[in-house]
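> need a structure here:
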Amino acid sequence: MSGRLSGNLTMQDLAGARGQKIRSTPGIATVTFLVLASMGPYLLPGVRFEQAVIYPLFLWAVVSGGLGRGYGPRLRSVVMVWSLYVAIVVFGLIFPVLNSTPYGSGSSWASGVDNAVLPIAVISTTVSAYNRGGEPNRLLSRALKVLVLVMCVNAGAAVAQYLGLANWAAWTGGGGVESVSTRAAMQGRFSGFANQPAEAGLLYALAGLGCVHVYRQRIAVLSASLVMLFVGGILTVSKIFAVGVILIAVSLLTNLRRSWWRVALLAAVATWPLAMVFNGVLPRWSGVDQIQRQVSEANVDLLSAITAGRYSEAGGTLRDVWNAVLHSSPVTGYGPRGLDIPYDSGWTEALVVAGLIGVVLQVVVFFVLFAAFWEPSADRTMRRFVLLLATLLLAASLGVPAFTANRVATDVWTVLTLVLLCLGSDSGKPLVRSSNGRPRKPLQLC
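The predicted model follows:
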């Protein structure tokens, strides 16, 4: 019997495909554990479960030789850029700048270093999962499915908060410390296991985009998942989630074509909690007051309303911070200790801890992400996904450090790494493995 079946497909290729499921098991397990760990509790004050998982996995990848290969040109560019960002942050730790701003210095340099280093650890761990035999498309599919499941569970946890059935203060704060999530819940903004409503809103939006991407051919699962994500997102009263809803709608329209109306009909069921609140069936939700106040503010200053005052026609709350840093340490910022202020923006955090160099480096990362959309030989569905993902992260970065925030960073960089791996070959198509385990171009079936 001939060793070549059709086109470029050989018996060796089929043998490699049969062994691929076994070889991909460690990779599947790794990305699953990464996403699950991101929503773990605080083990000690300042020590999260995700840190206790990611850094040992990263060290194991380094020691076992799981790194050093498998990076495509785009992901390699991102790693180089972010490594330079880490170097600037560490430089600020070794050679601290005297704080001449009206703000106090941050209390912990360790958390600042963690924010900068964690993305590299997540990228490296994810690449090691790919190098151990995982196909990037399979790994991405698994990561997104787990993220959807986790955020649906988180939506249930937020509903339990709203009904007064659960209090996740110990989960989100650690050591009895009152967390932002606890204070936000007092105002009717429920984020479940996440630290902050804004972070939860970004994760719901990310999960929604991922849900459409992986379940676009399974309408029932897609609809049920979007309903749960929609409920959870509404309870956060997050403007980032509002942006995500628009992008999810675009994704539905471009991916489902004739089936989009079925999803829209079923997703409309997600309005039932609000309907029952307004009709008095469920306890009154104070988050309604938050929404009404934001709508009223939008009539006066739309930019201020949609950014919670961070940016406005008069300058916004972040203007003074930017001016202070630009007039005192504009090039490299103040290092990982930063300033004792809420950054409320990925760009503000970058400026404070790494100066204008850090801001430019983040611009380069976004440039790489948006440039991936223009890869002509890439799969059209993947190109749309990376475009919507980059747009979501760019919008989110105006209100939260999307690349470094607790819990968010792990999921964002896991998904980004796998997307760039799927676009990682020179042709823009995902690499697959032959029977000897080496990367090669996809099979041409004919």
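> I figured Arg216 hits Leu256, correct?
Yes: with contact defined as CB atoms under 8 Å, Arg216 counts as touching Leu256 (5.9 Å). Just so you know, the C-beta spots here come from the backbone N, C-alpha and C atoms, and that holds for glycine as well.
> so what sits against both of the two?
Common neighbours of Arg216 and Leu256, using CB atoms under 8 Å, 6 or more residues apart in numbering, do not exist here.
> can you pull out the strands in the stretch 201-350 of the chain?
Under the criterion DSSP state E, counting those that start in this stretch, the stretch 201-350 of the chain carries no strands.
> Tell me where the model's unsure across it.
Low-confidence segments of the stretch 201-350 of the chain, defined by pLDDT under 70, span residues 257-317.
> tell me the helices in it, going along the chain?
Secondary structure of the stretch 201-350 of the chain, counting by DSSP state H, counting those that start in this stretch: helices at 219-236, 239-256, 260-267, 272-278, 287-298, 302-306, 319-326, 346-371.
> quick check: angle from the second one to helix 219-236?
Angle of helix 239-256 versus helix 219-236, following axes from the mean of the first three to the mean of the last three CA atoms, to 10 degrees, is 160 degrees.
> Who are the packing partners of helix 239-256?
Counting by 3 or more CB pairs under 8 Å, 6 or more residues apart in numbering; DSSP states H and E, the packing neighbours recorded for helix 239-256 are helix 197-215, helix 219-236, helix 260-267, helix 380-396.
> ditto for the longest one
Using 3+ CB pairs under 8 Å, 6+ apart as the contact criterion, the secondary-structure elements in contact with helix 346-371 are helix 73-94, helix 109-131, helix 319-326, helix 380-396.
> Go through the ones you listed and name the closest to Leu206.
Closest to Leu206 of the helices and strands packed on helix 346-371, according to CB to CB: helix 380-396, at 6.7 Å.
> hmm, who's touching that closest one?
Helix 380-396 is contacted from outside by 202, 205-206, 209, 213, 240, 243-244, 247, 250-251, 254-255, 346, 366, 369-370, 372-373, 375, 402-403, 412, 415-416, 419, 422-423, using CB under 8 Å, 6+ apart.
> By neighbour count, which bits of it are buried? Give me those.
Neighbour-count burial for helix 380-396, with 16 or more other CB atoms under 10 Å as criterion, is recorded at 382-396.
> next one: stretch 243-255
For stretch 243-255, the neighbour count (16+ other CB under 10 Å) marks Val243, Gly244, Val245, Leu247, Ile248, Ala249, Val250, Ser251, Leu252, Thr254, Asn255 as buried.
> re the thing from before, reformat the helices and strands packed on helix 346-371 as TSV; add distance to Pro41.
Output for the helices and strands packed on helix 346-371, formatted as TSV (distance: least, CB to CB, whole Å):
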stretch	distance to Pro41
helix 73-94	27
helix 109-131	17
helix 319-326	31
helix 380-396	24
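> which of these sits most buried?
Greatest average neighbour count among these goes to helix 109-131 (a mean of 23), per mean count of other CB atoms under 10 Å.
> and the helix or strand following it, how far out from the chain's middle?
Using DSSP states H and E, the helix or strand that follows helix 109-131 in sequence is helix 136-162. Relative to its parent chain, helix 136-162 has a centroid offset of 12 Å by CA atoms, centre = their mean, to the nearest Å.
> repeat for stretch 29-41
Taking CA atoms, centre = their mean, one finds stretch 29-41 lying 13 Å from the centre of the chain it belongs to.
> All set, thanks.
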